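Asks: Show me the folded form of this:
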Amino acid sequence: MTLLFNRNFAFMFFGRIITNIGDSLYAVAAMWLVYDLGGSTFYTGLAGFLTIVPRIIQLLGGPFIDRLPVRKLLLTTQLLQAGLLLTIPIASYFGYLTVGLVLVITPLLATLNTFVYPAQMAALPSIVKKEELTKANSYFTVAYQGIDIACNAVAGVLIVVLGAVSIYLLDSLMFLIGAILFSFLRMPRVTTQANQKKKDVKEHMRTYGKELSEGVAVLFNKTMSRLLIGVIGINLVGGATFVVLPAFADLKGGAEIYGLLLMAQAAGSLTGALLTPYLKLERFGLGRIYGLAFLCSGLLWASALFSPITWMMVLIYGLAWLPGGITNILIITCLQKGIPKAYLGRVMSAVYSISGIALPVGSLVGGALGVYIGSTAIIFFSGLSVTLIGLFWLLDRNTQALPKIEDIHEHSFVKKQESVA
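Replies: Numbers count the residues shown, from 1 in each chain. I've put the predicted structure just below:
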């Protein structure tokens with residue numbers, strides 16, 4: 001727990017916990033409210049699409065994240081999200097709440113959130129020691145995903161007791177508290193070529209385009225491309241599964257089941273993240289870890305549907321997400337070790353945007369197909385697809401040739417710092 005005595009890490013960590021309470025409750029309330037107001041998986045698919053499509057903005061925002069002060073960025077985004085969330089209970093009070101309004105607010109909130117997580121992850125190497133990065137990432141995943149366990153467990157009950165609209169009011173308060181905590185951050189100044197001298201507008205645009213292309217190039221090199229393509233496929237079916245969960249839960253019992261399924265998903269991811277530092281996986285090849293992890297994940301994902309008992313179905317579905325929690329920590333650690341600190345913002349943004357670029361497509365397709373073939377079939381074929389991707393990684397030579405995590409060092413993915421300066 002020595003990391004919590006680091007002032008900047010502590011404020012960023014607890015600030016993320018508070019805002020994640022808002023994020024987690026909102027994620028459940030928004031999808032259920034859209035399903036309740038629209039009455040179809042088509043609307044939940046559209047909501048999922050509008051939530052995820054701002055990841056394209058995240059890709060374009062990478063170079064800006066490298067330049068903007070982290071404290072100012074976090075404060076601005078949290079306060080704007082608090083204000084936007086208030087519009088839903090206000091509209092409900094005056095009788096103007098519609099599914100259209102919820103669908104408009106959803107992408108605005110998602111856009112603001114796209115800047116937050118990459119900025120925090122890019123800032124971690126500047127506020128913790130190099131040997132503490134894996135542990136710091138695990139702690140941070142507790143704040144990013146772990147709160148989902150408790151919030152998803154109670155969100156379904158809160159929807160039944162208080163209503164989804166009331167959760168929006170609570171979320172607004174959470175973001176306001178988060179902004180207060182982030183205001184205490186005192187981040188060290190990072191000197192880069194970009195802030196050593198003033199540039200005219202044209203030079204800024206040239207530099208921006210160059211930095212953006214270099215961040216993308218890191219991910220599409222021969223070493224990483226097969227892994228990235230597989231992750232895109234997993235996110236495609238993940239988006240389809242997410243948007244049909246409200247309809248599937250409605251078949252199984254209602255909002256409480258929806259909350260339990262999301263809780264199990266978060267619990268699985270968190271457990272994997274917390275176990276990662278103790279599994280000593282650094283001595284294994286990254287490709288082998290990914291192949292085995294998602295082969296197991298896909299099998300559990302698909303088989304959960306065949307359980308005749310509800311609690312067993314929830315448990316198996318949660319276990320399906322445990323391997324993903326492990327691989328998330330490992331890949332972030334690899335990038336933080338293998339890329340110069342001053343350029344992590346653009347690469348992290350590229351990671352989250354490109355790897356998730358299939359999510360909006362999966363959301364639209366899953367929501368539309370769910371109307372015709374049902375939510376259960378969508379979830380089953382999604383799990384089967386993940387199984388096949390894991391099997392492909394195990395058989396593919398390029399993926400199996402990925403280095404061991406312990407062998408990765410700064411410039412492993414960027415040969416010379418001058419090439420990205």
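Asks: so which helix or strand takes in Ala119?
Replies: helix 116-127 (DSSP states H and E).
Asks: Toward the C-terminus, what is the element adjacent to that helix?
Replies: Counting by DSSP H and E, what follows helix 116-127 is helix 133-141.
Asks: got the angle for that following helix vs helix 116-127?
Replies: Angle, helix 133-141 to helix 116-127, by axes from the mean of the first three to the mean of the last three CA atoms, to 10 degrees: 150 degrees.
Asks: Let's see whichever helix or strand comes after helix 133-141 as CSV, backbone CA atoms only.
Replies: Using DSSP H and E, the next helix or strand after helix 133-141 towards the C-terminus is helix 147-161. Extracted C-alpha coordinates of helix 147-161, given in CSV (Å, rounded to 0.1, in the frame of the first residue of the first chain):
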residue,chain,number,x,y,z
ILE,A,147,-16.0,-0.3,-8.5
ASP,A,148,-18.2,-1.8,-11.2
ILE,A,149,-18.6,-4.9,-8.9
ALA,A,150,-20.4,-3.1,-6.1
CYS,A,151,-22.2,-0.5,-8.3
ASN,A,152,-23.5,-3.1,-10.8
ALA,A,153,-24.6,-5.3,-7.9
VAL,A,154,-26.8,-2.5,-6.5
ALA,A,155,-27.7,-0.6,-9.8
GLY,A,156,-30.4,-3.1,-10.7
VAL,A,157,-32.0,-2.7,-7.3
LEU,A,158,-31.6,1.1,-7.4
ILE,A,159,-33.4,1.1,-10.8
VAL,A,160,-36.3,-0.8,-9.3
VAL,A,161,-36.5,1.2,-6.0
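Asks: Can you tell me which helices and strands the helix or strand just after helix 147-161 packs against?
Replies: As assigned by DSSP H and E, the chain's next helix or strand after helix 147-161 is helix 164-182. For helix 164-182, the elements it packs on are helix 7-38, helix 70-93, helix 147-161, judged by 3 or more CB pairs under 8 Å, 6 or more residues apart in numbering; DSSP states H and E. C-betas here are computed from N, CA, C, even on glycine.
Asks: Let me know which of those is tucked in deepest.
Replies: Among the helices and strands packed on helix 164-182, helix 7-38 has the highest mean neighbour count (mean count of other CB atoms under 10 Å), at a mean of 22.
Asks: Figure out how far that helix is from the centre of its chain.
Replies: 12 Å (CA atoms, centre = their mean, to the nearest Å).
Asks: by how many degrees do the following helix or strand past that helix and helix 7-38 diverge?
Replies: As assigned by DSSP H and E, the chain's next helix or strand after helix 7-38 is helix 41-52. Calculated by the same axes, to 10 degrees, helix 41-52 forms an angle of 160 degrees with helix 7-38.
Asks: Kindly export helix 41-52 (C-alpha atoms) in CSV.
Replies: What follows is helix 41-52, C-alpha atoms only, in CSV (Å, rounded to 0.1, in the frame of the first residue of the first chain):
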residue,chain,number,x,y,z
THR,A,41,-32.7,-4.0,-28.8
PHE,A,42,-32.5,-1.6,-31.8
TYR,A,43,-32.4,1.4,-29.4
THR,A,44,-29.9,-0.2,-27.1
GLY,A,45,-27.8,-1.0,-30.1
LEU,A,46,-28.0,2.6,-31.2
ALA,A,47,-27.1,3.7,-27.7
GLY,A,48,-24.1,1.4,-27.6
PHE,A,49,-23.0,2.8,-31.0
LEU,A,50,-23.3,6.4,-29.8
THR,A,51,-21.4,5.6,-26.6
ILE,A,52,-18.5,3.9,-28.3
